[in-house]
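# from the sequence below, what's the structure:
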Amino acid sequence: YHRELTKEQKVHMDFDLFKKIIDEAKIYKLPAVNLNGLGEPVTHPRLVDMIKYCKDANIEDIMFHTNGTVMTEKLAKKLIEAGLTQIIFSLDTTDKKIFEEMRVGANFEKVNGNVELFIKTRNKLGSELPIVRTTMVLTDRTINQAKAFKKKWEKLADSITAQDLVYSF
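I've put the predicted structure just below:
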């Protein structure tokens with residue numbers, strides 16, 4: 001969870017409520033589901049079940065953003081086999097010091113290795129999905145690293161993006 005969240009905001013959606021929402025969305029032929037909230041989606045104990053439920057509901061695009069800190073080969077395989085169609089890794093920068101200042105508690109080498117592991121696992125399974133996107137956050141400290149970020153990920157990721165840092169008050 002984000003450090004700024006209140007105790008009341010630090011909850012996972014109940015799986016039965018999730019199923020009810022997806023069942024209703026099927027009526028309207030919902031084409032896409034983004035499994036994001038106010039924290040890290042892979043911490044949800046039923047994330048793989050949620051992806052499978054969406055897949056079984058014929059939702060075409062099932063995706064989420066992740067910081068990649070807790071990705072493992074076992075989890076990657078489960079997500080891929082469940083039917084995930086897109087995963088966006090928020091990596092922010094190519095600079096270890098800046099990364100670890102932006103992502104307090106995250107290890108630069110481990111997170112980058114986790115993303116590479118996810119891609120290798122997908123490729124080893126012979127799957128084209130999920131599409132893997134790496135994204136960086138453009139700030140006054142990272143904007144000069146955009147070319148290096150692209151160079152690092154252009155042969156590994158399917159898509160590379162950059163976004164402006166947005167503050168909410």
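
# just give me the neighbour total for the closest residue to Leu30 other than its chain neighbours.
Among residues not flanking Leu30 along the chain, Ile59 sits closest, at 6.1 Å (C-beta to C-beta, 6 or more residues apart in numbering). C-beta coordinates here come from the backbone N, C-alpha and C atoms, glycine included. Neighbourhood size, Ile59 [other C-beta atoms under 10 Å]: 20.

# need the contact list for Ile59.
Neighbouring residues of Ile59 by C-beta atoms under 8 Å, 6 or more residues apart in numbering: Ile22, Ala25, Leu30, Pro31, Ala32, Val33.

# which ones are touching the fifth one?
In other words, Ala32. So Ala32 contacts Ile59, Glu60, Asp61, Ile62, Met63 (C-beta under 8 Å, 6+ apart).

# inside strands: which ones of the residues you listed?
Counting by DSSP state E, the contacts of Ala32 place Asp61, Ile62, Met63 in strands.

# which among the contacts of Ala32 count as buried?
Using 16 or more other C-beta atoms under 10 Å as the burial test, the contacts of Ala32 include Ile59, Ile62, Met63 as buried.

# in this structure, where's the longest helix?
Assignment by DSSP state H gives helix 108-124 as the longest helix of the chain.

# next secondary structure element downstream of it?
The helix or strand immediately downstream of helix 108-124 is strand 131-138, counting by DSSP states H and E.

# for that following strand, packing partners?
Counting contacts by 3 or more C-beta pairs under 8 Å, 6 or more residues apart in numbering; DSSP states H and E, strand 131-138 packs against strand 86-90, helix 108-124, helix 146-153, strand 159-164.

# low-confidence ranges, the protein, go.
For the chain, applying pLDDT under 70 flags the ranges 1-10, 166-169.

# now with 90?
1-12, 36-40, 102-104, 137, 163-169 (pLDDT under 90).

# quick one, phi/psi of Asp16?
phi -70, psi -40 (degrees, to the nearest 10).

# number of nearby residues for Thr134?
Using other C-beta under 10 Å, Thr134 has 26 other residues around it.
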